[in-house]
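**Student:** My questions concern the predicted model and sequence given below.
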There are 2 protein chains.
Amino acid sequence: MSTISKENYLKTLYTKDKIENVVVTTSQIAESLNVSNAATSEMAKKLSNQGLVNYKKYKGIELTNRGEKIALNVLRRHRLWELFLMEVLNLTWDEVHDEAELLEHQTSENLIDKIDEYLNFPEFDPHGSPIPNKKGKLPLMPKLKPLLSGEEGATYKVARVSDKNSELIKYFTKIGLTLNKKIKIIEKLTFDNSIVIELNNSSISLSEKTAQSVFLK
Amino acid sequence: MSTISKENYLKTLYTKDKIENVVVTTSQIAESLNVSNAATSEMAKKLSNQGLVNYKKYKGIELTNRGEKIALNVLRRHRLWELFLMEVLNLTWDEVHDEAELLEHQTSENLIDKIDEYLNFPEFDPHGSPIPNKKGKLPLMPKLKPLLSGEEGATYKVARVSDKNSELIKYFTKIGLTLNKKIKIIEKLTFDNSIVIELNNSSISLSEKTAQSVFLK
DNA sequence: TAATTTTGTTAGGCATGCTTAACTTTAATC
DNA sequence: GATTAAAGTTAAGCATGCCTAACAAAATTA
Ligand SMILES: [Mn+2]
Ligand SMILES: [Mn+2]
Ligand SMILES: [Mn+2]
Ligand SMILES: [Mn+2]
């Protein structure tokens, strides 16, 4: 059986495993989900017994095809909800993630398909993340450039921001850093890896931590 | 803490306690929720410790003011979701209850207020049940007549149907028995308490069990 | 009123998902 | 390569919410 907890583990695993392309350790998952390493080790065993992950003690976890399918399905529900809540119900950019984090586990296939249809089968959520379609396929998307690896003097468009921290999203909204906004990289400071960008004709400095959440095209 | 399970108990308690005006026993709740009597007795103790119900062993349970407030809030979320899913997302009359049964527990005050606003602060859900407003107040509503207590020869309007059984709702849809539909009571059969009604110019017989789910004005 | 049936409660157990503390394996450092 | 530090796992225990079986109270019937 897939439970709320299992869905959250699988989804987290997917974003590490398939997006960041790293071998995922139990403690990385633990940190993402704010649970103990012990909880994650236990869950790794359970998911492994159900054939949803491959897990070798001390050697990391990776999704099986079956596990990936579930993860993509949870992501689909999450991202469609986010977009729906913003577009239809006027929730704000920083509010939708936390709501979707719950709704994603209580949404039937029938319901999510209706939402998908209502939104006319969108390909990206409000933070720029791709939405898997009904079959679990992701839209084609150009490889994005992390803000921190952008070049001084160059101009880019904001293509995706991490949605994990609502305070951060609120801050982005406040300074006008939203999706598709043009930004120019003024200066990269090597001593603290912070970065100065031009945005709406004014310059603003972002810490390394903050800048990590922004991706460009 | 209010959990999903507790919300379901309180909501069930409310509909028995305040709607049917009976002293509610643990086994009635157990039956409604499809759990054992034992589970309900335990839960009664927990809810009592939290001041959400008054519970005397062997003497039944009733909601306190605090418990009633929570129950009304769950009902509000449930009924607004039902209406929203029908009106906006084109789910059918028989689908919305089961979806709402889950969504009602994962919906922030902020989100439900947006839904309320989107629907323009409706007073009744798709099955004719009243929707508590943000303050927990129910709309004024005329006292409804159970179909089984209607008079032979008289004509009524369907004002509410129970939404608990989706198969039943599907059947109602099929025979054209929907909200606000006019029906005439042709005959009440005393040997099995079934009832024959006229609906869309044809007559149809409803068993006692089925007729219990229909209320008139 | 006493016996019996029905209703409701308690006891003991189990599954899930978490915790902290103790332990083991792996990686880093000398 | 041995020692130490870091990362990861296991053990023991707790909370929630459910179950069945045994028991107790209340209602029914004789
Ligand atoms: Mn999100
Ligand atoms: Mn979630
Ligand atoms: Mn309902
Ligand atoms: Mn529910």
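**Tutor:** Alright, I've got the coordinates. Ligands and ions are numbered 1, 2, ... in the order given.
**Student:** Residue A:28 contacts residue A:13, correct?
**Tutor:** No - under the criterion of CB atoms under 8 Å, residue A:28 is not in contact with residue A:13, lying 9.2 Å apart. C-beta: built from backbone N, CA, C; applies to glycine.
**Student:** More neighbours: these two, which one.
**Tutor:** More neighbours surround residue A:13 than the other of residue A:28 and residue A:13, with 27 against 20 (other CB atoms under 10 Å in any protein chain shown).
**Student:** Domain boundaries for chain A, per the record?
**Tutor:** For chain A, automatic domain parsing gives the domain ranges A:3-63, A:72-141, A:145-216.
**Student:** and residue A:190, helix, strand or coil?
**Tutor:** For residue A:190, the assignment made with DSSP: H, G, I helix; E, B strand; the rest coil gives coil.
**Student:** so what's whichever residue of chain A sits closest to ligand 2 closest to, chain neighbours aside?
**Tutor:** Per CB to the ion, residue A:101 is where chain A lies closest to ligand 2, at 4.0 Å. Setting aside the residues directly before and after it, residue A:101 is nearest to residue A:78 in space (CB to CB, 6 or more residues apart in numbering or on different chains), at 7.1 Å.
**Student:** The one you found: neighbour count?
**Tutor:** By the measure other CB under 10 Å, the count of residues near residue A:78 is 27.
**Student:** May I have the helix or strand encompassing it as PDB, with CA atoms only?
**Tutor:** Assigning secondary structure by DSSP states H and E places residue A:78 in helix A:65-87. Coordinates of each C-alpha in helix A:65-87 appear next as PDB, following Å, rounded to 0.1, in the frame of the first residue of the first chain:
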ATOM      1  CA  ASN A  65      10.500   1.900 -12.400                       C
ATOM      2  CA  ARG A  66       7.500   1.200 -10.300                       C
ATOM      3  CA  GLY A  67       8.600   3.600  -7.600                       C
ATOM      4  CA  GLU A  68       9.300   6.300 -10.200                       C
ATOM      5  CA  LYS A  69       5.900   5.900 -11.700                       C
ATOM      6  CA  ILE A  70       4.300   6.700  -8.300                       C
ATOM      7  CA  ALA A  71       6.700   9.600  -7.700                       C
ATOM      8  CA  LEU A  72       5.800  11.100 -11.000                       C
ATOM      9  CA  ASN A  73       2.200  10.700 -10.200                       C
ATOM     10  CA  VAL A  74       2.600  12.600  -6.900                       C
ATOM     11  CA  LEU A  75       4.500  15.300  -8.600                       C
ATOM     12  CA  ARG A  76       1.800  15.600 -11.200                       C
ATOM     13  CA  ARG A  77      -0.900  16.000  -8.600                       C
ATOM     14  CA  HIS A  78       1.300  18.500  -6.600                       C
ATOM     15  CA  ARG A  79       2.100  20.700  -9.500                       C
ATOM     16  CA  LEU A  80      -1.300  20.700 -11.100                       C
ATOM     17  CA  TRP A  81      -2.800  21.700  -7.700                       C
ATOM     18  CA  GLU A  82      -0.300  24.500  -7.400                       C
ATOM     19  CA  LEU A  83      -1.200  25.900 -10.700                       C
ATOM     20  CA  PHE A  84      -4.900  25.400 -10.200                       C
ATOM     21  CA  LEU A  85      -4.800  27.200  -6.800                       C
ATOM     22  CA  MET A  86      -3.000  30.200  -8.300                       C
ATOM     23  CA  GLU A  87      -4.900  30.400 -11.500                       C
END
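**Student:** Report whether that helix contacts ligand 2.
**Tutor:** No - Helix A:65-87 is not in contact with ligand 2 by CB under 5 Å from the ion; minimum separation 7.0 Å.
**Student:** Could you give me the buried positions within that helix?
**Tutor:** Within helix A:65-87, the residues that count as buried by 16 or more other CB atoms under 10 Å in any protein chain shown are A:67-68, A:70-86.
**Student:** for chain B, what are the nearby residues on chain A?
**Tutor:** Counting by CB under 8 Å from any CB of the partner chain, the residues of chain A lying close to chain B are A:85, A:88-91, A:95, A:98-99, A:102-103, A:105-108, A:110-111, A:114-115, A:118.
**Student:** Show me which of the residues you listed are buried.
**Tutor:** Among the residues of chain A next to chain B, those classed as buried by neighbour count (16+ other CB under 10 Å) are A:85, A:88-89, A:91, A:95, A:98-99, A:102-103, A:105-107, A:111, A:114-115, A:118.
**Student:** Where do the strands of chain A begin and end?
**Tutor:** Remark: strands assigned in chain A by DSSP state E are A:53-56, A:60-63, A:145-146, A:155-161, A:182-188, A:195-199, A:202-206, A:214-216.
**Student:** Pick the most buried one from these.
**Tutor:** With neighbours taken as mean count of other CB atoms under 10 Å in any protein chain shown, the strands of chain A reach their highest mean count in strand A:214-216, at a mean of 23.
**Student:** Does that one pack against any helices or strands, and if so which?
**Tutor:** Where contact means 3 or more CB pairs under 8 Å, 6 or more residues apart in numbering or on different chains; DSSP states H and E, strand A:214-216 is packed against strand A:145-146, strand A:155-161.
**Student:** nearest to residue A:133, of the buried ones among the residues of chain A next to chain B?
**Tutor:** Nearest to residue A:133 among those is residue A:115, at 12.7 Å by CB to CB.
**Student:** pretty sure that closest one contacts residue A:80?
**Tutor:** Yes - between residue A:115 and residue A:80 there is a contact under CB under 8 Å: 5.1 Å.
**Student:** and the helix holding residue A:78, anywhere near DNA strand C?
**Tutor:** No - applying CB under 7 Å from any atom of the strand, one finds helix A:65-87 separated from DNA strand C by no less than 13.2 Å.
**Student:** Now that helix: average pLDDT?
**Tutor:** For helix A:65-87, the mean pLDDT works out to 98.
**Student:** And the residue of chain A that's closest to ligand 4?
**Tutor:** Going by CB to the ion, ligand 4 is nearest to residue A:106 of chain A, at 9.6 Å.
**Student:** And the residue nearest to that residue when sequence neighbours are not counted, what's its pLDDT?
**Tutor:** In space, and not counting its chain neighbours, residue A:106 is closest to residue B:102: 4.0 Å by CB to CB, 6+ apart. Here the pLDDT value assigned to residue B:102 is 98.
**Student:** Same question for the one 5 residues further on.
**Tutor:** Turning to residue B:107, the model gives it a pLDDT of 98.
**Student:** Skipping adjacent residues, who's closest to it in space?
**Tutor:** Using CB to CB, 6+ apart and skipping the chain neighbours, the partner closest in space to residue B:107 is residue B:77 (4.9 Å).
**Student:** So which bits of chain A are right by ligand 1?
**Tutor:** A:97, A:163.
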